[in-house]
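# here is a sequence together with a model predicted from it:
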Amino acid sequence: MNMIKNYKIHCISEALSPITHMMGSSGNESVLNREYILHNNVLKQIPVLSGNAIRHRMIREPGVLYLIQVCDLVGKLNIDQANYLFNGGSLTESSISENLAKIANMQELLPLIRLLGGSFRNQVVGGSLIVLRGLLICEENRNRIIKMIPSQYTMPDNVFRSSEDFIDQYQYTRGDTRKRVDAKLILDGKENNEDTNLMIYNGQTIIAGSIFYHGFILQNVSYLELGALLHSLSQWEFNNGTIGGSLRIGHGKLKMEIFFEEDKDFMGSEINIGQAIIDYIEHVDKNKSKIVDWLFSTFPKIEKKKGKKDDQKLENNSLLD
Amino acid sequence: MIKNWKITACLISPIAEKPPMLDAILAWELSKRLGMKHYNKLTRNVSLKEIQKVPIPIVERTIEKNNVYCCSDPIYECVFEWVEHRGKRIDTDLISLLLSPENRKSLLIASGPYKMRFAPVRTRMINKIVWFVRGDRKEINKLLKSVKSLGKHRSIGYGLIECWEYDEIEEDNSIFAFQNGNMILMRTVPFGYFLNRVKGYKKSFGAYQLPYWHPENYREIAIPC
């Protein structure tokens, strides 16, 4: 039976390549996303993976791409549907009534969207997922990590070092065709007087081998929502499992391990990750036509009202004909 | 059993915006469990006359004909405050080919429904938040144990709670506290003549009862400072 329950999932992720999760730039140098922490009565800025990035990259994007593939929606979506699925939608209309049937259908057909929440054009529907921030396992975070980390996880030796030990710099150069050895053969020679666009750019990075703690709290969810979350995570990992920027040059690769706080559910039966994922896949497969119907009825194509200008255009066109 | 309690929320991640009132948290949680309209269906357009009161396990007291809960405003020390940003953007390079051909057109992203944002989030490092309450600990705990985080942007990890702590205290410090013979205001109350005898407040405009954000509740109030 599909019992409603709370789950807490702990994740330990190891960086397999440099992580460049940025919060801005200083000149042409990118600066790592950091949060403040009080360590030994001194304020320090520690690198952190934002919950927003984890939520989008690990859950929403892979989960939605899977739905689109299975429901055969490639090349058929309108912009509102894409905005709803990939970004949670936008509230653009006021409402004086709640369409409960629409919400109920969504929650029944789309466990992933029920988990994440979103907004129709005229009503907001809350989600049930809390995504924890990705904490770098380092000396400054020691107190927090020890309180949060699952007991099943064995911490590697000497991992509690200063966070600065985990930070490095990268530097790349944007090339200029005119500097190539064979430039004269390629170019027509007219660009010689222009300024060069050769540019060095650099930034901070978290080194490969660093370990992050993050997690997910699912409140009042059924086994299908748990399956949706685990399925999205497996899709994310299958599609190279990355976070942050500069993926084109090999940054951001993570290897994730997950632990459940309790390995038993409300009824005392053990949580079977594989079965939860299979149940979710079967659910989507069984309901794909209903999902498409719901999506097109909730976000129909907006017909533009014909105004005076349109009438004028039509008239002009008919005159031309 | 009704007693005086000091309730502490120990936080493990920074909180976004301001810590909330405890009666608001309890009302939110209870209305969610009872399936009441307050939970995500109550908007500014809905009149409060249509709304049933949420029976939260906190004692109410009447001050000059106005009922207020015996629950202090949140008391906390902000260790440090900074600004983080929350981004939202439509990944046009990802969705372009997923859209039907008639929808592949120029998209306004500076305003409107598809506006891309890099919105600032006021973030505070707070280790503990304390409320003084007169109420039923067992019932309060039943509700609070499901509350995993506080403040805004909870879905992306802000305001995560490590634990809730309860300490029984003798005095009722929920609305007024006595210090060196002075009566100090501890929670937001409607502004009135009784405040002549009270210290530690400033006059403001807002709500003193649930829901705190609803314009119908707005009036002159006294807030602790």
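Yep, it's here. Residues are numbered from 1 along each chain as shown, chains lettered A, B, ... in the order given.
# check residue 42 and give its pLDDT.
You didn't say which chain, so I picked chain A. What the model reports as pLDDT for A:V42 is 90.
# that was the other one, I meant chain B.
On the pLDDT scale, B:L42 gets 74.
# do the lengthiest strand in chain B and chain A meet?
The strand that spans the most residues within chain B, counting by DSSP state E, is strand B:117-136. Yes. Legend: contact between strand B:117-136 and chain A by Cβ under 8 Å from any Cβ of the partner chain is shown at B:123, B:125, B:127. Just so you know, the C-beta spots here come from the backbone N, C-alpha and C atoms, and that holds for glycine as well.
# list the buried residues for the lengthiest helix in chain B?
Determined from DSSP state H, the single longest helix within chain B is helix B:22-34. Across helix B:22-34, burial judged by 16 or more other Cβ atoms under 10 Å in any protein chain shown covers B:22-32.
# looks like A:T173 contacts A:I200 (just checking).
Yes. Between A:T173 and A:I200 there is a contact under Cβ atoms under 8 Å: 5.3 Å.
# mind checking the SS state of A:E257?
strand (DSSP: H, G, I helix; E, B strand; the rest coil).
# my error: substitute A:E14 in the last question.
Per three-state DSSP, A:E14 ends up strand.
# what number of residues lie near it?
Residues near A:E14, counting by other Cβ atoms under 10 Å in any protein chain shown, number 16.
# ok, now which ones touch A:N287?
A:L109 (Cβ atoms under 8 Å, 6 or more residues apart in numbering or on different chains).
# contacts only, for B:L108.
B:Y114.
# does it belong to a helix or a strand, and which?
Counting by DSSP states H and E, there is no helix or strand that carries B:L108.
# next: A:Q169.
strand A:167-174.
# thinking A:N220 is in contact with A:G127, fair?
No. Between A:N220 and A:G127 there is no contact under Cβ under 8 Å: 10.8 Å.
# if you count what's nearby, which of these two comes out ahead?
Between A:N220 and A:G127, A:G127 has the larger neighbour count (other Cβ under 10 Å), namely 19 against 12.
# what is the burial count for the closest residue to chain B within chain A?
Chain B sits closest to A:G51 of chain A, with a gap of 3.2 Å, by Cβ to the nearest Cβ. Neighbourhood size, A:G51 [other Cβ under 10 Å]: 24.
# which residues touch it?
With Cβ under 8 Å, 6+ apart, A:G51 has these contacts: A:131-134, B:153, B:155-158.
# out of those residues, which is nearest to A:M155?
A:G134 (16.5 Å; Cβ to Cβ).
# tell me the pLDDT of that closest one.
Predicted confidence (pLDDT) for A:G134: 93.
# find residues that contact each of A:N220 and A:G127.
With Cβ under 8 Å, 6+ apart, A:N220 and A:G127 have no common neighbours.
# coming back round to it: what comes up buried for the next helix or strand after the strand holding A:Q169?
Proceeding N to C from strand A:167-174, the next assigned helix or strand is helix A:183-186, under DSSP H and E. Within helix A:183-186, no residue is scored as buried using 16+ other Cβ under 10 Å.
# mean confidence for helix A:183-186?
80.
# what's downstream of it, the next helix or strand?
Next element after helix A:183-186 (DSSP H and E): strand A:199-206.
# give me the phi and psi angles of B:I221.
B:I221 has phi and psi values of phi -130, psi 170 when expressed as degrees, to the nearest 10.
# so who does A:L91 touch?
Contacts of A:L91 (Cβ under 8 Å, 6+ apart): A:119, A:121-124.
# show me where chain B has strands.
B:2-11, B:15-16, B:60-63, B:66-69, B:75-88, B:117-136, B:161-168, B:176-179, B:182-185, B:189-190, B:198-199, B:201-206, B:219-224.
# sheet partners, orientation included, of the third one?
Same thing as strand B:60-63. Using DSSP bridges, the strands paired with strand B:60-63 are strand B:66-69 (antiparallel).
# repeat that for the fifth one.
When pairs are called by DSSP bridges, strand B:75-88 turns out to pair with strand B:117-136 (antiparallel).
# to the chain's geometric centre, what's the distance from the partner strand?
Remark: strand B:117-136 is offset 8 Å from the chain centroid, using Cα atoms, centre = their mean, to the nearest Å.
# list the buried residues in that strand.
Using 16+ other Cβ under 10 Å as the test for burial, strand B:117-136 gives B:121, B:123-126, B:129-136.
# now do stretch A:288-299
A:288, A:291-292, A:294-295, A:298-299.
# for it, list the C-alpha coordinates in CSV.
Output of stretch A:288-299 as CSV, limited to C-alpha atoms (Å, rounded to 0.1, in the frame of the first residue of the first chain):
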residue,chain,number,x,y,z
LYS,A,288,1.8,8.8,-20.1
SER,A,289,-1.2,9.7,-22.2
LYS,A,290,-3.0,11.1,-19.2
ILE,A,291,0.1,13.2,-18.3
VAL,A,292,0.1,14.7,-21.8
ASP,A,293,-3.6,15.4,-21.6
TRP,A,294,-3.2,17.1,-18.2
LEU,A,295,-0.3,19.2,-19.4
PHE,A,296,-2.2,20.4,-22.5
SER,A,297,-5.4,21.1,-20.6
THR,A,298,-3.6,23.0,-17.8
PHE,A,299,-1.3,25.0,-20.2
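# give me the contact list for that stretch.
Contacts for stretch A:288-299 (Cβ under 8 Å, 6+ apart): A:67, A:70-73, A:78, A:80-81, A:84, A:102, A:105-106, A:109-110, A:120-121, A:284.
# list only buried entries from the residues you listed.
Buried, going by 16+ other Cβ under 10 Å: A:67, A:71, A:73, A:78, A:80-81, A:84, A:105-106, A:109-110, A:120-121, A:284, out of those.
# surely A:G245 forms part of a strand?
No. Under the criterion used here (three-state DSSP), A:G245 is coil, not part of a strand.
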